[in-house]
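*Asks:* Sharing a sequence plus its predicted fold:
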Protein chains: 2
Amino acid sequence: MILEVAILNIKAGMSDSFERSFQKASPIIAAMPGYISHDLQKCLEKSDRYLLLVRWDKLEDHTVGFRQSAEYETWKQLLHHFYEPFPIVEHYSTVEL
Amino acid sequence: MILEVAILNIKAGMSDSFERSFQKASPIIAAMPGYISHDLQKCLEKSDRYLLLVRWDKLEDHTVGFRQSAEYETWKQLLHHFYEPFPIVEHYSTVEL
């Protein structure tokens, strides 16, 4: 399992609109091959900041499968105009504790 | 439920030592009142970077209960010298999707 992590900084005052668009975008990512689960977290300390966490079977399910899909174009149209700056996306694997 | 989020940048080459210390530190946080679960994630793109996620019942379980506890002194001694720079910790709440 790979965890996709993105801190999303939303243009000032557009958080409500972003959340509505994210509701529409959620089923897109949830239908992709290799998708396990995702959640959107809202920051308590900084308004208009979110954390997106998406769990994938393997890295390429996100970096190739999703990003090169036709569905990703719709995802982008729904969400990318809210971001400022554009987010850096990283991937993580769980350390066994 | 509140999600504590910290990006941990570890001094170059000290990741293995950090992981061993984190193994020792894990039971400390897991025993605190209001603690739900935690996990440590290792970044695929950037060596010596980790993501710590801790779930608490409420914000004050972390910011007051844990940080003002005697146990936090042990936590600090085990972990804080690995960080460079010292991490910014944020808290998030889940957006209902």
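*Replies:* Cool, got the structure.

*Asks:* how distant is the lengthiest helix in chain A from the center of its chain?
*Replies:* Scanning chain A for the longest helix, with DSSP state H as the assignment, gives helix A:15-30. In terms of Cα atoms, centre = their mean, to the nearest Å, the centre of helix A:15-30 is found 10 Å from the chain centre.

*Asks:* got it, and stretch A:20-40?
*Replies:* Counting by Cα atoms, centre = their mean, stretch A:20-40 comes out at 8 Å from the chain centroid.

*Asks:* quick one on the thing from earlier: just after the longest helix of chain A, pick out the following helix or strand.
*Replies:* strand A:35-43 (DSSP states H and E).

*Asks:* what's that following strand packed up against?
*Replies:* helix A:15-30, strand A:49-56, strand B:89-94 (3 or more Cβ pairs under 8 Å, 6 or more residues apart in numbering or on different chains; DSSP states H and E). Bear in mind the C-beta positions are built from the backbone N, C-alpha and C, glycine included.

*Asks:* can you rerun that using 6 Å?
*Replies:* Packed against strand A:35-43 by the contact rule (3 or more Cβ pairs under 6 Å, 6 or more residues apart in numbering or on different chains; DSSP states H and E) you find strand A:49-56, strand B:89-94.

*Asks:* out of the ones you listed, nearest to B:Arg20?
*Replies:* strand B:89-94 (22.1 Å; Cβ to Cβ).

*Asks:* Just grab the bridge partners of A:Asn9 for me.
*Replies:* A:Arg49 (DSSP bridges).

*Asks:* same question but for A:Tyr35, I mixed them up
*Replies:* A:Trp56.

*Asks:* how close does the residue nearest the centre of chain A get to chain B?
*Replies:* For chain A, the residue nearest the mean C-alpha position is A:Leu52 (4.6 Å; Cα atoms, centre = their mean). According to Cβ to the nearest Cβ, to the nearest Å, A:Leu52 and chain B sit 10 Å apart.

*Asks:* Kindly report the same for A:Leu78.
*Replies:* 14 Å.

*Asks:* what sits against that residue?
*Replies:* The neighbourhood of A:Leu78, defined by Cβ atoms under 6 Å, 6 or more residues apart in numbering or on different chains, consists of A:21, A:24-25.

*Asks:* Quick one: residues contacting A:Ser93.
*Replies:* B:Lys42.

*Asks:* Any chance of JSON lines for the helices and strands packed on strand A:35-43, columns mean pLDDT?
*Replies:* Converted to JSON lines, the helices and strands packed on strand A:35-43 look like this (pLDDT from 0 to 100):
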{"stretch": "strand A:49-56", "mean pLDDT": "98"}
{"stretch": "strand B:89-94", "mean pLDDT": "98"}
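
*Asks:* Perfect, I'm done here.
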